[in-house]
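**Q** Here is my input, please return the structure:
(one chain, ligands or ions: 1)
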Amino acid sequence: MAIMPILVAPDPRLKTKAKTVEKVDGEIRRLMDDMLETMYNARGIGLAAPQVGVSRRVIVIDVAGEDEDPNPIRMANPEIVWASEEEELREEGCLSLPEQYAEVVRPVEVKIRYLDYQNEIREIDADGLLGLCIQHEMDHLEGTLFVDHLSNLKRNMILRKLQKARKGQPATV
Ligand code: NI
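**A** Here you go, the predicted structure:
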């Protein structure tokens, strides 16, 4: 497995719609494993392939608590087949918008269909943190960041803060 660099906004690759996976084969499985290692290394709970510069409909998630056993989930081509009418406002962050947080409204519960590690079709019902995380990661496959759900004013404020933070850092090669 390998740790991959995580793209930070504004990067055009984060705004691009990801390509469908034809089959979960060895190459996609390796991508899923590398993404999980990258996510754990960055102390994230979810990561989408476009965030590591790969235009594929792949996401990985682990919302297990610090004192629980790891519970990695690997999904290809996730689709929302049902979403609750009930919505809730919850705070989100993103590895591609480091140290920025804002409240986003999303359905409380969703049913997701996806291809698993064995290329089998699966469905799960997800609510709480898992439901939120899946919806956030699926947005990345459409080129959507959580700030795109906010008003222009709030979004620009966050993007400006990010730019400022980046200018203050020494150049990395
Ligand atoms: Ni994100």
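**Q** now A76: how far from W82?
**A** Separation of A76 from W82 (Cβ to Cβ, to the nearest Å): 19 Å. C-beta coordinates here come from the backbone N, C-alpha and C atoms, glycine included.
**Q** Could you list the low-pLDDT ranges of the protein?
**A** 169-173 (pLDDT under 70).
**Q** The spatially most central residue of it - nearest residue in space that isn't next to it in sequence?
**A** The centre of the chain sits closest to E137, judged by Cα atoms, centre = their mean, with a distance of 2.8 Å. Spatial nearest neighbour of E137, excluding adjacent residues (Cβ to Cβ, 6 or more residues apart in numbering): I59 at 3.9 Å.
**Q** what bridges to the one you found?
**A** Beta-bridge pairing of I59 under DSSP bridges involves A48, M75.
**Q** hang on, the earlier thing: show me what contacts the residue nearest to the centre of the chain?
**A** By Cβ atoms under 8 Å, 6 or more residues apart in numbering, the contact set of E137 is G46, L47, A48, I59, V60, I61, P78.
**Q** Among the residues you listed, which one lies nearest to P5?
**A** L47 (12.0 Å; Cβ to Cβ).
**Q** surely the closest one meets V60?
**A** Yes: assessed by Cβ atoms under 8 Å, L47 is found in contact with V60 at 5.4 Å.
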